[in-house]
Every structure is written in C-alpha cells, then in structure tokens.
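>>> sequence first, predicted model second:
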Amino acid sequence: MSDSSRHPRVVVITGASAGVGRATAQEFAAHGWRVGLVARGRAGLEGARADVERRGGTAMVLPADVADAEAVAQAAQTVMDRWGRIDLWINAAMATVLAPVSEITPDEFRRVTEVTYLGQVYGTQAALRHMQRQGRGTIVSIGSALAYRGIPLQAPYCAAKFATRGFLDALRAELLHENSPVRLTEIHLPAVNTPQFDWARNKMPYKAQPVPPIHHPEAIARAIYRAALEAPREVWLAGSAVQAILADAAAPALVDKVLARQAYSGQQTEEPDDDRPDNLFEPMDDQVDHGASGRFGEAARPHVSAYRPARLRAGAAAIAGLVTYGVVRTLFDLKEKDRNTRSSQR
C-alpha cells in the first residue's frame, strides 16, 4: 500500500468558498484528497465542505482573511495539527475593483493588494514553513494572463498579479539555491465564469463581465489538478491567455491601442449596475452560499487547453533561430554572388 493510500494527501486552498477555488476543492475531493478550505464567507465555506464530502473527500473549514498573515499561518498550523501534513497549497483568493485609476481610493488599492498579492505571499510563507520541515510539498499560485498584460479598469488587480510573478521568481531562485524539494507552480487563467463579476466593487455604469472566451470553473479546476501534480514552472490556460501574453511581448504599443478601444466596453454588459454591496471588505457569501459559478454559464466553454510556456518559448526560439540563420545565409549568398560577379567582370 502506498503512503498516499494509507495517509490521504492534503491540499489547502485559499479562496475556496466560491469560483475557481471552490471548483478546485471539488476536483481534489473527487480524487480522494483531504481539503482545507480557507475563505471569509461562512455559508460559502459550509457549501464547499458539503461539496467535498459529496465527492468522497474530507474537508476542514478554516475561516480566515488571507490579508491577515497571522490568520493564514494559524490555518496552516490547524491543518498540520489535525492531519499532520500539507502536500499542496493553492493560493486562489483574489479581489478587484473595476474603475479607472483616478477613481480608485488609496484604501481600495491597499485592499486589493493585500488580498491579491500579499494573500499569495502569506499563504506561500505559511505553507513553506511546514513543507521545508517535512521535506516535500508543492505551492501553486493561481494567476492570470493579466499578470503579463495589464488592462484598463483593473490596475490594482493587474499590479498585484505582476507583483506575484516577481515574488515567485525570487523565491524560486532561493529554493534552488537551498536545494529545497519544495516545488512552485504558476497557473495563469483566462476568463472564467465565477461569481466575482457580481461581487467585485464596480464604479462603472454597467454590470461587469469577463472578456470572452469564458470558461467553466470546473474545466479550469481539472487543469489545475493536473498541473499541481506535475508541477511545471508555469502553465498558461486557454489559447486566449497565450495570445494575450505573446501579443503583448511582441507588440505592446499595438496592444495598448487595442485595449484603449475595446477593454472598456469588453468588461461591461449593456445592463446598468445598481448600487449594491461588494466583497472588497466584507464577504458576499457569509449568509448565502453562491457556489462556484457565475451568471455566464451559457457562454462558458466546458473544456480548456493547457500550454507550457517553456515549450512555447523553446519553439519560438527555434523558429527565431531558423529565421536568423535564413537571413544570414541569404546575406552570405548575396555577398558571394556579388563577389563572383565582380570577379567575372575583371
């Protein structure tokens, strides 16, 4: 009998009460994992617990705000005290504000940064303490194509995602220096049908929407499960994410102009947004469980492709090398031809 069958593997997921975190908890439960559920909303957490148990997993509810480093550390310690191990930690919690930079307050910038960036830092630190002692473990960061390309109306969120990439680059080098067995993986997502578009603070006149193509959170969760087990350096999900990242790398000024024309209307429906509560400072699922999905189910895709950027970059480098060789070879041939022509004219 394997160690994992005698002692079920343990995953801790932040942002587990809704959206991608909730769907990911369901996916791991279906594979027999024990699942620690970290979020603020009590009703959402209890709904996630029921999901996990229905799918054959064991759940532990860990109410915490990821912006509170001590609360996150205590959640990790609670898991260790009860289950004795953390094999995998997934940082999926996020917050955003849909508004131009000029209309976002310092408190709003701070809160998005504390949840979306520092929440990843605190979760990673909490997991790392225990994984280094136990001599194994994987930490997964749920990122976004917006970690590579900022877009209008989401400056705090994009900046937090960029910051997370820099943090993980630095940490990865430190772990290599220490010959640590702990693995780091970044998974960058496309648009997903989650409740956040009805929860996020919105200062625009119309309701928020994800920029198509949109994907079901369950499809994303299946890809996260596979990537978490294999633990490559990075995974980009969906061709739309790959296109956004590579287009910005190739022609950022052109992408600036496209986003200036399209990103305002692309992130809003035609339905006016009423004055409503949001989840920036208080959870929206404390009293009512909203589940994993949002209101865009009919437009959402049931499958998503996964891409390894290391392979894409290797392919691009090979193509660039061939093109460079071709150009150099052509110039050499032209030079030889010109030399031979001049020789024959003498």
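Right, received. Where do you want to start?
>>> quick one, helices of this protein?
Listed in chain order, the helices found in the chain under DSSP state H are 3-6, 19-30, 42-54, 69-83, 106-113, 119-134, 155-177, 196-199, 217-230, 239-250, 252-266, 309-345.
>>> pLDDT of the longest one, averaged?
Over the span of helix 309-345, the pLDDT mean works out to 53.
>>> same deal with stretch 150-157?
98.
>>> how far does it stretch from start to finish?
9 Å (Cα to Cα, to the nearest Å).
>>> cool, and stretch 45-62?
Terminal-residue distance, stretch 45-62 (Cα to Cα): 8 Å.
>>> gap between it and the chain center?
22 Å (Cα atoms, centre = their mean, to the nearest Å).
>>> possible to save the helices of the chain as a markdown table with distance to residue 93?
Backbone N, C-alpha and C define where each C-beta goes, glycine included. What follows is the helices of the chain, written out as a markdown table (distance: least, Cβ to Cβ, whole Å):
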| stretch | distance to residue 93 |
| --- | --- |
| helix 3-6 | 27 |
| helix 19-30 | 7 |
| helix 42-54 | 12 |
| helix 69-83 | 10 |
| helix 106-113 | 11 |
| helix 119-134 | 5 |
| helix 155-177 | 11 |
| helix 196-199 | 11 |
| helix 217-230 | 14 |
| helix 239-250 | 20 |
| helix 252-266 | 24 |
| helix 309-345 | 24 |
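>>> the closest residue to residue 284 other than its chain neighbours: how many residues sit nearby?
If the residues on either side of it in the chain are set aside, residue 284 comes closest to residue 199, at 4.6 Å by Cβ to Cβ, 6 or more residues apart in numbering. Close neighbours of residue 199, defined as other Cβ atoms under 10 Å, add up to 24.
>>> single out the most deeply packed of the helices of the chain.
For the helices of the chain, the largest average neighbour count (mean count of other Cβ atoms under 10 Å) is found in helix 19-30, namely a mean of 26.
>>> packing partners for that helix?
Helices and strands touching helix 19-30, by 3 or more Cβ pairs under 8 Å, 6 or more residues apart in numbering; DSSP states H and E, are strand 10-14, strand 34-39, helix 42-54, helix 217-230.
>>> average pLDDT for that helix?
Here the average pLDDT along helix 19-30 is 98.
>>> please list all residues in contact with residue 185.
138-141, 227-228, 231-235 (Cβ atoms under 8 Å, 6 or more residues apart in numbering).
>>> just the buried members of those?
Buried subset of the contacts of residue 185 (neighbour count, 16 or more other Cβ atoms under 10 Å): 138-141, 227-228, 234-235.
>>> nearest to residue 206 among those residues?
Of all the buried ones among the contacts of residue 185, residue 206 sits closest to residue 141, with 31.1 Å by Cβ to Cβ.
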